[in-house]
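Chemist: from the sequence below, what's the structure:
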Amino acid sequence: MRTEILVLSSVLALGSCGGAARGVVPAVAGESGALGNAVEVAGVPRDGADARGRWRVLAPTALGYEAQLAELDAEPATAAAMARTLLRDGGFACEDVIVHNECGDEWTELDALDPGATFDDPCLRRRLALWALSRLEPGDAAGLHDVLVGLVAMRAPEAELQAAAFDAVEDDAQRLALLAVADEALAEEQVAALEGDDAILRAATELHLDAAVLRLVERPAAHRDALLGALDDDALGVDTRAAVLAAFADDPGADVTTALVALADDVDCGLAARAAEALAVRGDASYLPARPDTRDPEAHLRALCVLGASSLDDRLERLSAWIGRRGVITVDESYDDYHDPSQPQDPDDTDLDDDGEMVEHDGSMTRITRRVAPAELDGEALLARLALGGSCAAGSTHCTLVGGEVVALAAAGRSLVIAELSETRYSGCGC
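Modeler: Model prediction:
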């Protein structure tokens, strides 16, 4: 049997003492497997091919790679050269995954490393890549730009190589390139590492990263144009845009007023409400939410949503414009997934009148219908639900809120009022 191995202790001893590198010498073992002689390679690899050959001789395995890398670490220059070659060669996309599924929510994670994995196994190579990224020398990142971009562009279940690639970056220009391909959550985290104002500005305006905009908010006067533009940037989070709005709330500039007018029409009811209130402080109350003089259900739902999201002192009074003198009908339906149909219950109905309620149940479903007088209506609770927004069915006055509640509107003169609120609940597994 002929065997070739790399004796790292000899390699590193020679390299550190300035000894000349020796070529590969076949190692011969007898019938018993005892080693006759060994391969010795010392010094920094001459080029990528040399480093690649040394990886082949080293032949890391799942059971021994950590000890092998520890030996390699004794000579930093050699380790860095080996690391650069490994990273350029790629092959780090591990496909050994575990798939989880809970109530329809599916995600994957990497499985444990196969004890039999060898150097060509991507699942072992990704671990070697993590080591390699931490062994790069100053200046290496520039020559590995495309490699780092590729690593950051990897998606789940990989979750370590991306952050490790960012750790190797040495300047804002390269970090911006990585931010452009990174997962959103990781990109937001990495904004903190940007150093120059120009880079932060680009991350805010070109990459639409919330963390970058919030860094600009720290000095609003220096970044006025960019921040006012951010108010109309729906790629940013609502909280970020609200922070920008707050930074300019007391600024009387005409450009701020123009931005507020545009924001008052934003799809997000919370932002629209803040903008409307800010405009009212400036003397223009026309954007405050009020019951529209129209039978368009979408217009009413929008006004109710903005009202629900507002902090107006008279919000309950404004809501009362949508409540008729007889109040509203509420319908609560609940279904029991564990109901045994072989054990039905007899209906138990009562007539619906101004003071009573009607209860219907058949074992699996219970429906309670009641009329709620205006004075008994919990306006604040209703506004909180309306603030979530929703949509109206085409050609219908029935609108469904984000939480699932249905608001039925009815004609009242040239406008509409809230006639009925219905909600359906399910009990059981929750899936």
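
Chemist: tell me the centre residue of the protein?
Modeler: Nearest to the geometric centre of the chain sits residue 185, at 4.9 Å (CA atoms, centre = their mean).

Chemist: what secondary structure does it sit in?
Modeler: With DSSP: H, G, I helix; E, B strand; the rest coil as the basis, residue 185 sits in helix.

Chemist: now do it against residue 162, distance only.
Modeler: 10 Å (CB to CB, to the nearest Å). For every residue, glycine as well, the C-beta is placed using N, CA and C.

Chemist: pLDDT wise, what is the residue nearest to the centre of the chain at?
Modeler: Here the pLDDT value assigned to residue 185 is 96.

Chemist: what's near enough to touch it?
Modeler: Listed by CB atoms under 8 Å, 6 or more residues apart in numbering, residue 185 has no contact partners.

Chemist: how much space separates it from residue 110?
Modeler: Applying CB to CB, the value for residue 185 to residue 110 is 18 Å.

Chemist: over to residue 376?
Modeler: Taken as CB to CB, the span from residue 376 to residue 110 is 56 Å.

Chemist: and what of residue 53?
Modeler: Applying CB to CB to residue 53 and residue 110 gives a distance of 29 Å.

Chemist: give me the more crowded residue out of the two.
Modeler: residue 110 (17 against 14; other CB atoms under 10 Å).

Chemist: surely the more buried one is in contact with residue 160?
Modeler: No: counting by CB atoms under 8 Å, residue 110 does not reach residue 160; the two are 9.0 Å apart.

Chemist: give the contact list for residue 142.
Modeler: Residues near residue 142 by CB under 8 Å, 6+ apart: 170, 174.

Chemist: what about it, helix or strand, and which?
Modeler: Per DSSP states H and E: residue 142 is located in helix 140-143.

Chemist: neighbours of the closest residue to residue 208 other than its chain neighbours, just the number please.
Modeler: In space, residue 208 comes closest to residue 235 once its chain neighbours are excluded; the distance is 3.9 Å by CB to CB, 6 or more residues apart in numbering. The local packing of residue 235 (other CB under 10 Å) involves 9 other residues.

Chemist: go on, residue 406?
Modeler: Residue 406, neighbours per other CB under 10 Å, totals 16.

Chemist: give me the element the closest residue to it other than its chain neighbours is part of.
Modeler: Distances taken as CB to CB, 6+ apart place residue 422 nearest to residue 406, at 4.7 Å, with adjacent residues excluded. Residue 422 is part of strand 415-427 when elements are defined by DSSP H and E.

Chemist: counting by contacts, list what that strand packs against.
Modeler: helix 297-309, strand 328-336, strand 406-412 (3 or more CB pairs under 8 Å, 6 or more residues apart in numbering; DSSP states H and E).

Chemist: pick the most buried one from the ones you listed.
Modeler: Sort those by mean neighbour count, taking mean count of other CB atoms under 10 Å, and helix 297-309 sits at the top with a mean of 22.

Chemist: I'd like the C-alpha coordinates of that helix written as CSV, please.
Modeler: Provided in CSV are the C-alpha atoms of helix 297-309 (Å, rounded to 0.1, in the frame of the first residue of the first chain):
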residue,chain,number,x,y,z
PRO,A,297,-67.0,52.4,0.9
GLU,A,298,-63.3,52.6,0.3
ALA,A,299,-63.3,56.3,1.1
HIS,A,300,-65.1,55.6,4.3
LEU,A,301,-62.8,52.8,5.3
ARG,A,302,-59.8,54.9,4.6
ALA,A,303,-61.1,57.8,6.7
LEU,A,304,-61.9,55.4,9.6
CYS,A,305,-58.4,53.8,9.3
VAL,A,306,-56.7,57.2,9.5
LEU,A,307,-59.0,58.2,12.4
GLY,A,308,-58.2,55.0,14.3
ALA,A,309,-54.4,55.7,13.9
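
Chemist: other SSEs contacting it?
Modeler: Taking 3+ CB pairs under 8 Å, 6+ apart as the contact cut, helix 297-309 packs with helix 269-281, helix 315-320, helix 379-386, strand 390-392, strand 398-401, strand 406-412, strand 415-427.

Chemist: now do it: everything it contacts.
Modeler: Contacts for helix 297-309 (CB under 8 Å, 6+ apart): 269-270, 272-273, 276, 289-292, 294, 315, 318-319, 322, 382-392, 396-399, 407, 409, 415-416.

Chemist: buried subset of those, written for ChimeraX?
Modeler: To isolate the buried ones among the contacts of helix 297-309 in ChimeraX, judged by 16 or more other CB atoms under 10 Å, type:
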select :269,270,272,273,276,289,291,315,318,319,322,382,383,385,386,387,389,390,392,397,399,407,409,415,416
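
Chemist: what helix or strand is the residue nearest to residue 208 on?
Modeler: Here residue 235 is assigned to no helix or strand, by DSSP H and E.

Chemist: so it sits right up against residue 209, yeah?
Modeler: No: judged on CB under 8 Å, residue 235 makes no contact with residue 209 at a distance of 9.2 Å.

Chemist: just checking, what packs against the strand or helix carrying residue 80?
Modeler: For residue 80, the host element (DSSP H and E) is helix 76-89. Helix 76-89 sits against helix 8-17, helix 48-58, helix 65-72, helix 122-133, helix 140-143, with contacts defined as 3+ CB pairs under 8 Å, 6+ apart.

Chemist: circling back: tell me which of the helices and strands packed on helix 297-309 lies nearest to residue 130.
Modeler: helix 269-281 (41.8 Å; CB to CB).

Chemist: contacts for the closest one next, please.
Modeler: Counting by CB under 8 Å, 6+ apart, 238, 241-242, 245, 249, 257, 260-261, 263-266, 285-289, 302, 305-312, 387, 389 sit against helix 269-281.

Chemist: quick one: that helix to helix 379-386, angle?
Modeler: 120 degrees (axes from the mean of the first three to the mean of the last three CA atoms, to 10 degrees).
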